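Trainee: Only the shape, not the letters, is given here:
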């Protein structure tokens, strides 16, 4: 018997990934979230935080000793070299943390929520890629409202991610998030039934 079916959940910024993850959680599907792992590995007192401070200095700490995520993001966003340095520190730690959580999860299949799954290149740790898709104009509006930023800043954020076409090309399954939450829930319910069948096939070794 091989490992359980793993679904890689991804999508562009403000596409609705968190909502989709919550809908899977409502169905009692384990969701292993890269954003949660990213916070865990840089919690105060962790080797991950120590390495980030060593590379970027104590100016990226908040007054309470926690990582000031916005300050760090602002520091590395416009500097490709710094961003690569940060990724080289954090990505292996995040992946290891997610693997530990996946090993402890219970259920026929699990969802690995990874915002930058496509940007990371070919993935050997998920079996299918589920992309939450939304029109880029909607993304821009949501980013501007959520982050209180300008259209230019929002476009820069989108430009730093994989293109919509690249995500769709890599997808095994696509969830269109253009309707209501009810529409999205029904789509997730259909995918859940499909994944249960695929998980059973995988368990049987067919």
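Mentor: Perfect, thanks for sending it. Worth saying up front: this structure is predicted, and the values here are computed from it rather than measured.

Trainee: check contacts around the residue nearest to residue 154 when sequence neighbours are not counted.
Mentor: Using CB to CB, 6 or more residues apart in numbering and skipping the chain neighbours, the partner closest in space to residue 154 is residue 143 (4.2 Å). C-betas here are computed from N, CA, C, even on glycine. Each residue near residue 143 by CB atoms under 8 Å, 6 or more residues apart in numbering is listed here: 13-14, 149, 154, 157-158.

Trainee: One more pass at 7 Å, please.
Mentor: Contacts for residue 143 (CB atoms under 7 Å, 6 or more residues apart in numbering) come out as 13-14, 149, 154, 157.

Trainee: out of the residues you listed, which are inside helices?
Mentor: 154, 157 (DSSP state H).

Trainee: The residue nearest to residue 102 when sequence neighbours are not counted is in what secondary structure piece?
Mentor: Excluding the flanking residues, the one nearest residue 102 by CB to CB, 6+ apart is residue 32, at 5.3 Å. With secondary structure defined by DSSP states H and E, residue 32 is part of strand 31-33.

Trainee: by contact count, what packs against the helix or strand just after that strand?
Mentor: Downstream of strand 31-33, the first helix or strand assigned by DSSP H and E is helix 34-40. Applying 3 or more CB pairs under 7 Å, 6 or more residues apart in numbering; DSSP states H and E, one finds that helix 34-40 contacts helix 80-104.

Trainee: and the helix it packs on, average pLDDT?
Mentor: For helix 80-104, the mean per-residue pLDDT is 93.

Trainee: Residue 167: neighbour count?
Mentor: Neighbours of residue 167 under the rule other CB atoms under 10 Å: 22.

Trainee: Give me the three-state assignment for it.
Mentor: Of the three states, residue 167 takes helix under DSSP: H, G, I helix; E, B strand; the rest coil.

Trainee: my guess is it contacts residue 129, does it?
Mentor: No - using CB atoms under 7 Å, residue 167 is not in contact with residue 129; the gap is 8.5 Å.

Trainee: sorry, back to before: any idea how far the strand holding residue 32 is from the chain center?
Mentor: Relative to the centre of its chain, strand 31-33 is centred 8 Å away, using CA atoms, centre = their mean, to the nearest Å.

Trainee: List the strands paired with it, with their directions.
Mentor: Sheet pairing here is set by DSSP bridges, and for strand 31-33 it gives strand 109-113 (parallel).
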